[in-house]
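Q: Based on what follows, work out the 3D shape:
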Amino acid sequence: MAKSKENGGIGYKILNESIKSGQIGKFYIFYGDERYLLERSLGELRRRLCPEGLSSFNYRRFEGKDIVFNELDAAISTLPVFAERTLVEIHDFDIFGNAEKQRLSELLSDLPDYVCVVLVFDVAPYKPDGRVKADKEILKNAQIVEFPVQSQGVMINWISRHFKDAGKQISTADAEYLVTITGGYMATLHNEIEKTAAYAKAGIVTRADIDAVVTPVLDAVAYKLTDAIVRREYDSAMRVLDELFRMREPPQRIIYSISLKMRQFLAARVCIDKGVGRDALCDMCGIKYEFQAKLLMDTARKTTLADCRAAVRLCAETAYAINISPEPEARLIELIAELAFSKVK
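A: Residues are numbered from 1 along each chain as shown. Here you go, the predicted structure:
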């Protein structure tokens, strides 16, 4: 079976090529953060293996941890009806931690040619143990496909192409901005691109068009707040905090996001002081895109290492206070005031 250089499996592009050519395997494992690509690949498998009108005969889907082994065995053993293959999807079934692991391993190692089994990890983590014989047997017989978050260049080109399909254009800077405020996942971006393209009156999509119709994720709003604090724009920071309150975000989530951003600013300041670049910051903080690291480092240059450390400490103290306070929103307001008026010695 084809193996990738990283995860012992095949890339999703190779998978899609094999689906189009009809060279479909008998057993796949799908996992990864980019659900849009995963669902598209599943959709292509269904269209290819389950002809219209026959899906009820040739398609079986199992959910969760309480799958009955005998029912799964029966689904795999059932011959297809007026088609060459049967498609069996198994979603969020922790095969690697199951008591029937050995029996499952034996079943999946000897699949008939008329079946295609796809094991999908979404909520359940993909955590095989290569030291365990049964796990190794399962992996040996599977084509493993990871659907990772795409690289910066791929994502920007993908956004530009989708706007072009809608008769619009978007600049690289505004495409990066759209990625930042939506969280950077294709499933979310696909819907927001459609909304923005429909809203934009001109042929070129502007940031104003994006802000008019796109609801930013909490992380993006938290960045606006912490950026305003670092820039000493405290009125702006309070307006953003009020926006978060109106979004009805729980105080615990708000302080988590603020604390995360303050830790990222601290990491960015450390990288600046050590003379290392954006790649180091991305590795340190698990940041997906270089332009996001650039934003953090540009803001961090406006503060000091001591100020960043003090801000992180204040956030930690506020997080504790929120958990024991009857007025958690008031603690957040106090945090902004403390960050505004505290003097670091």
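Q: got the domain boundaries for this protein?
A: The chain is divided into the following domains under automatic domain parsing: 10-146, 152-213, 218-341.
Q: for the record, mean pLDDT for the shortest one?
A: When pLDDT is averaged along domain 152-213, the result is 94.
Q: Now do it: distance from first to last residue.
A: Criterion CA to CA, to the nearest Å; first-to-last residue distance in domain 152-213 is 23 Å.
Q: re the thing from before, now the domains of the chain in JSON lines, with mean neighbour count?
A: All C-beta spots, glycine's among them, are computed from the backbone N, C-alpha and C. Listed next are the domains of the chain as JSON lines, based on neighbours: other CB atoms under 10 Å:
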{"stretch": "domain 10-146", "mean neighbour count": "16"}
{"stretch": "domain 152-213", "mean neighbour count": "17"}
{"stretch": "domain 218-341", "mean neighbour count": "17"}
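Q: low-scoring pLDDT stretches of the stretch 201-345 of the chain, where are they?
A: 341-345 (pLDDT under 70).
Q: in it, which spans are strands?
A: Taking DSSP state E, counting those that start in this stretch as the criterion, the stretch 201-345 of the chain carries its strands at 204-205.
Q: Show me the helices in the stretch 51-200 of the chain, by range?
A: Listed in chain order, the helices of the stretch 51-200 of the chain (DSSP state H, counting those that start in this stretch) span residues 55-58, 69-77, 101-108, 133-141, 152-165, 172-182, 186-199.
Q: What pLDDT is listed against Asp53?
A: Actually, residue 53 is Gly rather than Asp. Listed pLDDT for Gly53 reads 58.
Q: likewise Glu146?
A: The predicted local confidence for Glu146 comes out at a pLDDT of 93.
Q: For the biggest helix by length in the chain, name the packing helices and strands.
A: Here the longest helix in the chain is taken by residue count, with DSSP state H as the criterion, and it is helix 251-274. Identification of packing neighbours for helix 251-274 by 3 or more CB pairs under 8 Å, 6 or more residues apart in numbering; DSSP states H and E yields helix 218-230, helix 278-285, helix 290-300, helix 305-324, helix 328-341.
Q: Can you list the neighbours in contact with the shortest one?
A: Pointing back at helix 278-285 there. 263-264, 267-268, 271, 274, 287-290, 293-294, 296-297 (CB atoms under 8 Å, 6 or more residues apart in numbering).
Q: Go again with 10 Å.
A: 260, 263-264, 266-272, 274, 276, 287-297, 300 (CB atoms under 10 Å, 6 or more residues apart in numbering).
Q: how close does Arg246 get to Lys294?
A: With the distance defined as CB to CB, to the nearest Å, Arg246 ends up 30 Å from Lys294.
Q: Same check on Gly277?
A: When CB to CB is the yardstick, Gly277 and Lys294 sit 10 Å from each other.
Q: can you check Ala337 too?
A: When distance is defined by CB to CB, Ala337 is 30 Å away from Lys294.
Q: before we move on, what about Leu189?
A: 20 Å.
Q: now swap in Ala197 and tell me
A: According to CB to CB, Ala197 and Lys294 sit 26 Å apart.
Q: What of Ala173?
A: Counting by CB to CB, the gap from Ala173 to Lys294 is 11 Å.
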